[in-house]
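K.L.:
Would you be able to build a 3D model of this:
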Amino acid sequence: MQVDMHVHTTASDGMDSPVEVVASAKKLGLKALAITDHDTLEGVEPALKAGHDYEIEVIPGIELSTEANGEETHILGYLLELASKEFLETISLFRNYRIKRIEQMVVKLQMMGFPVVMDRVMAISGTGSVGRPHLAAAMVEAGVAANLTEAFDKYIGRGCSAYVPRYKIEPAEAVQLIRKANGVPVLAHPGLGNSSKLIPELVPKGLAGIEAFHPAHSRELSEYYYRLAEKYNLIATGGSDYHGLGHKEGRSLGMVTVSYAVLQEMKDWRIALNPSK
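P.N.:
Sure, this is the predicted structure:
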């Protein structure tokens with residue numbers, strides 16, 4: 001019984017809707033999947049409903065953007081209490097900053113003479129959390145770029161002329177925020193940067209796990225992070241970090257999974273800390 005613990009949808013920068021992702025997971029024979037969109041919970045409710053319809057377990061999750069010492073670090077949150085007031089307020093703040101960020105990037109593109117308008121970007125994003133993929137799609141539509149890759153590489157990628165950094169909180173803040181929502185905080189894909197050095201600092205704050213298994217991790221790296229999880233008594237989890245088959249990352253749903261026992265370990269961890277929940 002396999003579980004994909006890292007999946008994105010159109011609620012953030014994924015290319016498949018929450019319903020499409022759940023349907024695909026069912027076809028693959030997965031026991032469960034976690035919806036972990038960037039800085040938003042908007043894909044969770046439709047995925048939960050689809051999970052009921054398709055008879056597959058959906059785990060409410062999120063991937064929070066954080067920064068420490070100038071380095072970007074992502075913190076995954078699982079089994080979240082969706083009615084947590086403080087958590088929802090912070091996510092609302094993230095959404096507002098995302099809109100402001102894209103507005104600033106649109107202005108930069110307009111100053112460069114490109115016919116990109118914010119209304120169209122928002123229309124493309126639909127009810128999801130607006131982000132650079134939606135801006136890139138508007139740029140392609142307006143003839144500014146030939147495809148999404150060119151839009152990122154020439155204009156809106158990190159260090160490019162129209163790029164604007166996104167709002168981030170400290171990793172420890174993200175861990176504590178997830179804990180306050182009775183969730184399970186996990187350090188995402190440490191192999192994509194040097195975030196594992198933060199583990200000694202984050203464990204006392206309530207870090208519960210490490211994403212040891214990820215498409216960007218070699219077998220050796222995965223083994224290293226698995227041992228690191230054992231050292232700090234953390235849960236070693238993993239997932240595909242799926243964004244859609246047509247996405248530039250090129251990852252497939254379910255290409256990296258963990259056994260259902262890992263999800264059960266998270267549930268047991270959560271219950272141990274919150275016996276009344």
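K.L.:
In the stretch 51-200 of the chain, where is pLDDT below threshold?
P.N.:
128 (pLDDT under 70).
K.L.:
Please enumerate the helices of it.
P.N.:
Along the stretch 51-200 of the chain, counting by DSSP state H, counting those that start in this stretch, helices occupy 85-111, 118-125, 132-141, 148-151, 171-180, 199-202.
K.L.:
Also compute the angle for the third one relative to helix 118-125, please.
P.N.:
For helix 132-141 against helix 118-125, the angle between stretch directions is 120 degrees (axes from the mean of the first three to the mean of the last three CA atoms, to 10 degrees).
K.L.:
how does this protein divide up, domain by domain?
P.N.:
Domain assignment for the chain by automatic domain parsing gives 2-90+168-273, 100-156.
K.L.:
so of those domains, which one's packed in deepest?
P.N.:
Among those, the stretch with the highest mean neighbour count (mean count of other CB atoms under 10 Å) is domain 2-90+168-273, at a mean of 20. All C-beta atoms are positioned from the backbone trio N, CA, C, and that covers glycine.
K.L.:
And that one, end to end?
P.N.:
25 Å (CA to CA, to the nearest Å).
K.L.:
Next: stretch 150-163.
P.N.:
14 Å.
K.L.:
what separates it from the chain centre, distance-wise?
P.N.:
21 Å (CA atoms, centre = their mean, to the nearest Å).
K.L.:
what's the answer for stretch 199-211, then?
P.N.:
18 Å.
K.L.:
Then stretch 57-72?
P.N.:
6 Å.
K.L.:
And for stretch 219-227?
P.N.:
Worked out by CA atoms, centre = their mean, stretch 219-227 lies 21 Å from the chain centre.
K.L.:
CA atoms only for that stretch, dumped as PDB, please.
P.N.:
Presented in PDB, the C-alpha positions along stretch 219-227 are these (Å, rounded to 0.1, in the frame of the first residue of the first chain):
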ATOM      1  CA  ARG A 219      20.000   6.700  -3.800                       C
ATOM      2  CA  GLU A 220      23.000   7.700  -1.700                       C
ATOM      3  CA  LEU A 221      21.400  11.000  -0.700                       C
ATOM      4  CA  SER A 222      18.200   9.300   0.300                       C
ATOM      5  CA  GLU A 223      20.100   6.800   2.400                       C
ATOM      6  CA  TYR A 224      22.000   9.700   4.000                       C
ATOM      7  CA  TYR A 225      18.800  11.500   4.900                       C
ATOM      8  CA  TYR A 226      17.200   8.300   6.100                       C
ATOM      9  CA  ARG A 227      20.000   7.800   8.500                       C
END
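K.L.:
How about residues contacting it?
P.N.:
190-191, 196, 210-214, 217, 236, 238 (CB atoms under 8 Å, 6 or more residues apart in numbering).
K.L.:
quick one, what contacts D16?
P.N.:
Contacts of D16 by CB under 8 Å, 6+ apart are 9-10, 24, 244.
K.L.:
Now tabulate these in a markdown table and tack on secondary structure, distance to E230 and pLDDT.
P.N.:
Shown next, in a markdown table, are the contacts of D16 (DSSP: H, G, I helix; E, B strand; the rest coil; distance: CB to CB, whole Å; pLDDT from 0 to 100):
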| residue | secondary structure | distance to E230 | pLDDT |
| --- | --- | --- | --- |
| T9 | coil | 32 | 92 |
| T10 | coil | 37 | 86 |
| S24 | helix | 32 | 97 |
| G244 | coil | 33 | 82 |
